[in-house]
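>>> 3D, please:
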Amino acid sequence: MVTADFVVGILGNIISIMSFASPIAQFRQIVKRKSAENYNGTPYVATLLSCSLWILYGLLDPDDGLLIVTVNSAGATMQALYLVLLFIYSSKEKRVQYFGFVILDIVFFGMVLAFTLVAFGEDSRRTFTGVLCATFTLMMYVAPLAALQTTIKTKSVEFMPILLVFSLFVNGCVWFTFALLVTDIFVLVPNVLGILLGSIQFVVYFKYKNVATLEVSELEKGSFEKQSENKGIDVHDSNVKLDDVSTQKRTLTRLDAFPIIRSPSLSPNRSTPKQHEDMVLRVKSSNVILSL
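Numbering: from 1, shown residues only. So this is what the prediction gives:
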């Protein structure tokens with residue numbers, strides 16, 4: 001018979017594996033470029049250690065630990081694959097750094113395993129590893145809070161990884177439900193805090209998202225008004241120029257309305273005082289009409 005905790009655990013596996021798979025697109029670009037450039041691989045080192053500890057925790061609880069082992073085995077495998085790709089496509093300096101981190105992971109996990117088996121009895125081993133796992137999971141939920149301070153300070157959501165926050169929030173809700181069903185405090189506590197921290201980040205995000213949108217709208221409005229003013233000046237100037245052209249056209253039209261009067265020769269042999277007087281009167285009449 002399929003139980004509720006098994007169904008929720010399967011759902012948690014799917015969501016967690018999707019979260020683990022989220023960097024695949026970035027690693028495709030790394031393989032395509034054949035260079036990791038300045039890509040930071042430290043989170044994958046930390047996640048590899050966290051998944052390894054959760055595998056140990058799940059193995060110590062054969063009744064309810066199966067789904068914890070499966071999801072973290074998938075997570076550890078994917079983190080190891082990411083680190084291999086970073087090792088291949090990173091610079092020599094980065095390779096040495098990643099190799100050193102992986103060695104520290106192995107040494108630390110080996111020490112925890114040895115200490116758990118030697119120093120604790122069978123009943124206390126799960127408690128010790130559970131505390132370590134809860135601590136690492138809490139660190140995973142706290143990691144995005146680094147961007148929260150920047151968001152509040154700048155009043156901008158540009159630096160908040162909202163998709164990461166959302167995935168961690170949903171992941172916390174599912175595993176919180178699973179922990180309630182199987183009564184596992186070490187899974188319950190970090191996911192409760194994860195839900196709380198995720199809710200806080202959502203509140204901050206939507207608060208400053210609206211502020212950012214308003215500021216952009218005001219900026220666009222001011223830019224539009226400025227452009228309108230500039231266009232208004234241009235239109236005014238254009239109207240002035242058009243008025244000048246129209247005036248010139250009207251003047252030409254008025255001039256064209258009167259035939260050109262050829263002045264009679266003022267030569268004494270071909271003009272008379274009467275003709276000269278008539279010509280002067282016609283010119284004056286034309287000037288009076290044009291002035292109107």
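
>>> only C-alpha atoms for contact and neighbour calcs from this point on.
Noted.

>>> all helices for the stretch 1-150 of the chain, in order.
Under the criterion DSSP state H, counting those that start in this stretch, the stretch 1-150 of the chain carries helices at the ranges 4-20, 24-33, 42-59, 66-89, 92-119, 122-142, 146-154.

>>> in the helix or strand immediately after the last one in the chain, which residues are buried?
Think helix 146-154. Following helix 146-154 in sequence order, the next helix or strand is helix 162-182 (DSSP states H and E). The neighbour-count check on helix 162-182 (16 or more other CA atoms under 10 Å) flags 162, 165-179, 182 as buried.

>>> returning to that earlier point: please identify the most buried of the helices of the stretch 1-150 of the chain.
helix 42-59 (a mean of 21; mean count of other CA atoms under 10 Å).

>>> relative to helix 122-142, how tilted is that one?
150 degrees (axes from the mean of the first three to the mean of the last three CA atoms, to 10 degrees).

>>> quick one on the thing from earlier: just put the helices of the stretch 1-150 of the chain in CSV and tack on mean pLDDT and distance to G198.
Shown next, in CSV, are the helices of the stretch 1-150 of the chain (pLDDT from 0 to 100; distance: least, CA to CA, whole Å):
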stretch, mean pLDDT, distance to G198
helix 4-20, 89, 15
helix 24-33, 88, 24
helix 42-59, 90, 19
helix 66-89, 92, 21
helix 92-119, 90, 28
helix 122-142, 85, 8
helix 146-154, 77, 11
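
>>> now L138: how far from I15?
Distance from L138 to I15, counting by CA to CA, to the nearest Å: 18 Å.

>>> make that F202, sorry
Applying CA to CA, one obtains 19 Å for the distance of F202 from I15.

>>> before we move on, what about S90?
If you go by CA to CA, the gap between S90 and I15 works out to 30 Å.
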